[in-house]
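Trainee: missing the sequence, but the structure's below:
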């Protein structure tokens, strides 16, 4: 007797469904772009004149944004200033931590941080001017961002007997102050087109390999021999992609 049981039929392959790319709503995009323009304008103005020397209407005019729109993003001038401080001091310091995550030598950690900081100021002079202006404020220099990490890294290096520093606090002041002065020198003397570049040449000084030379000198300040300091300061820089927060 023939088998009349029907064999299950194989279903036809299902064609992949195209998922439309989600587009950012126009209103959200405009809001994000407006906020970015306000922050950029505030950074440029406050890098030049400080927070106290800048009025909200100057920020909105420089950003080409209506005065009332400012308050859709920030409740006060102090609020936008605080956001800038977080971005300049905290976000960059977080990136430095990611860069140093694979480094075991405290001396290389310091060298990488110093070189990247000077290079960042070289590539973004407005950022550099803001850092120099705000870096000498005690609450920023010691308790936040770059200063806080620098003090931590110096203490770690002393504990590991990598640095020969009798006074960690004075060691921190020496390194932090030199970094800020190096950035100011980069912006005023070293960078192409710097306002006092001719003075550097008249004095017989060179701006070549400035970040590496700065790092090497600071490692010597912390107790390393010159040859080793220069070798560490010349190592290839680790690179890490900056993370972008989703809106």
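Mentor: Cool, got the structure. Keep in mind it's a predicted model, so treat the numbers as computed, not measured.
Trainee: OK, contacts around the residue most central in space within the chain?
Mentor: The centre of the chain sits closest to residue 92, judged by CA atoms, centre = their mean, with a distance of 2.8 Å. Applying CB atoms under 8 Å, 6 or more residues apart in numbering, one finds that residue 92 lies in contact with 117, 120, 145, 146. Every residue, glycine included, has its C-beta placed from N, CA and C.
Trainee: Please work out the average pLDDT along the host helix or strand of it.
Mentor: Take DSSP states H and E as the rule and residue 92 turns out to sit in helix 92-99. Helix 92-99 carries an average pLDDT of 88.
Trainee: cool, stretch 52-62 as well?
Mentor: Average pLDDT, stretch 52-62: 95.
Trainee: before we move on, what about stretch 104-119?
Mentor: Here the average pLDDT along stretch 104-119 is 95.
Trainee: now swap in stretch 168-188 and tell me
Mentor: Stretch 168-188 comes out at a mean pLDDT of 92.
Trainee: Give me the contact list for that stretch.
Mentor: Contacts for stretch 168-188 (CB under 8 Å, 6+ apart): 110, 114, 117-118, 121-122, 125, 128-129, 131-132, 135-136, 141, 147, 150-151, 154-155, 158, 163, 165, 194-196, 207, 210, 214, 217-218, 221-222.
Trainee: So which of these are in helices?
Mentor: The members of those that map onto helices under DSSP state H are 110, 114, 117-118, 121-122, 125, 128-129, 131-132, 135, 141, 147, 150-151, 154-155, 158, 210, 214, 217-218, 221.
Trainee: could you flag which of those residues are buried?
Mentor: 110, 114, 117-118, 121-122, 128-129, 131-132, 135, 141, 147, 150-151, 154-155, 158, 210, 214, 217-218, 221 (16 or more other CB atoms under 10 Å).
Trainee: re the thing from before, distance check, the residue nearest to the centre of the chain against residue 25.
Mentor: 30 Å (CB to CB, to the nearest Å).
Trainee: same question, residue 108
Mentor: Going from residue 108 to residue 25 by CB to CB gives 46 Å.
Trainee: Show me the domain layout of this structure.
Mentor: Here the domain parsing of the chain from automatic domain parsing is 27-75, 85-233.
Trainee: ranking these by burial, who's on top?
Mentor: Mean neighbour counts were compared across these using mean count of other CB atoms under 10 Å; the top stretch is domain 85-233, at a mean of 17.
Trainee: Do me a favour and get the end-to-end distance for it?
Mentor: End-to-end distance of domain 85-233 (CA to CA, to the nearest Å): 28 Å.
Trainee: i'd like the first residue to be 26 from this point on
Mentor: Done: numbering now begins at 26, and the last item shifts to domain 110-258.
Trainee: Run the chain-centre distance for that domain.
Mentor: Chain-centre distance of domain 110-258: 12 Å, with CA atoms, centre = their mean, to the nearest Å.
Trainee: The longest helix belonging to the chain - contacts with which helices or strands?
Mentor: The helix that spans the most residues within the chain, counting by DSSP H, is helix 51-74. The contact analysis (3 or more CB pairs under 8 Å, 6 or more residues apart in numbering; DSSP states H and E) places helix 51-74 against helix 81-88, helix 102-110, helix 150-160.
Trainee: As CSV, these with distance to residue 71 would be great.
Mentor: Output for those, formatted as CSV (distance: least, CB to CB, whole Å):
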stretch, distance to residue 71
helix 81-88, 9
helix 102-110, 7
helix 150-160, 6
